[in-house]
Structure formats: structure tokens, C-alpha cells
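1. okay, sequence plus prediction incoming.
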Amino acid sequence: MNARFPARALRTLALVVATGAAAAAMADDENKQMNIDHPVYRSECGSCHIAFPPALLGANSWRAMMAGLDKHFGSDASLDAGTAAVITKFLVANAGRRDTSGTDGSPQLRISDTPWFRKEHRDGHDGITQGIFRSEAVKSAANCAACHRDAGQGDYSERNIRIPKNGARS
């Protein structure tokens, strides 16, 4: 028996394990992105807008968002300290791994301003034009459900996208 075989077999096994771990981490990110199943988060945040998947922003962005609820995009969305702590813990635990800091290093608060969002929704990509966000049917880049039909359930899969045509819902 070749003495190198066990070493080669161990290297192969290590590669398989590492590949499996990487695949599991990627699957974990996908599951985290869709994780909106937190009753307090859905109730409090989902009462005014869609409960955005926490993985769309990094942990620092969510911490900054939750710390500034008294000035939440022009509204006072303040919560009692206990509720805010519960939601912050959920958001940070399920936050995305990509950096969502602005160009000045400060935490980005708008999902639609992140490089990932801009890349996914760039002009010409899958027939999207920036004008669609200003159309009567969509009105804002934050209105995910206008195109992602099951966004309220955390499903942003491409098979469920219906981009409104000529300003009307399709």
C-alpha cells in the first residue's frame, strides 16, 4: 500500500468537508435572508411596511436603524425599550454578512441604497428601469411587494416576480 494514499485521502476528505461547510454557510445565508418569522418583528415593523428580511442589511445597519426609530425615515416609530431590544436581537442575529456601510463608513439604513440592491435592480436588468420605482403601481423602491408578489412571506424568488407594465400592476 502506498504511504501517500492516506495523506491524499485525508486531504480529499478535508476538501469535501470544507466544501460542505461552505455550501451549508451559503444555504444558511439564503435561509437567513428569508427569515421574517419573528412575531414581534412582523407585528411591529410589518404594521407600517413590509417586514424586510434581516439579511438585506448588515448588523451595524440594523443597530443604527433601531437606535434611531424616533426619526425613522421621517416618522416616529419609537418602541418601548423591551420591544426594541427583542427586535434588535432578532435583526442582528439574522443580519446579512455583506458590508452595508455607506461610502463614508457609516451604516447604511436604506436597503435600496446598498450596492447589492442597486446591482440587482439596475436599469435594463430583467426589464427593470429606474422609472418603474416612480410609477403609480410601485411608487418606491421600498415597495418590494409591487414586483415580488410573495415578499410579505419572505419569498423573493425570481419565479414570482411580476414587474408592472406601463405603471399598472400586472
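-> Received it, and whenever you're ready, just let me know what you need. Numbering: from 1, shown residues only.
2. when you work out contacts or count neighbours from here on, use the C-alpha atoms and nothing else.
-> Noted.
3. now do residue 61, the pLDDT please.
-> Predicted confidence (pLDDT) for residue 61: 96.
4. how close does it sit to residue 38?
-> Going from residue 61 to residue 38 by CA to CA, to the nearest Å gives 19 Å.
5. also residue 141?
-> Per CA to CA, residue 141 is found 24 Å from residue 38.
6. same deal with residue 137?
-> Separation of residue 137 from residue 38 (CA to CA): 29 Å.
7. one more: residue 76?
-> Going from residue 76 to residue 38 by CA to CA gives 22 Å.
8. follow-up on the earlier one: who's more crowded, residue 137 and residue 38?
-> Neighbours were counted for residue 137 and for residue 38 using other CA atoms under 10 Å; residue 137 has more, 19 against 13.
9. any idea of the pLDDT on the residue nearest the centre of the chain?
-> When CA atoms, centre = their mean is applied to the chain, the residue found nearest the centroid is residue 56 (2.0 Å). Looking at residue 56, its pLDDT stands at 91.
10. hmm, it is touching residue 92, no?
-> No: taking CA atoms under 8 Å as the definition, residue 56 is not a contact partner of residue 92, at 11.2 Å.
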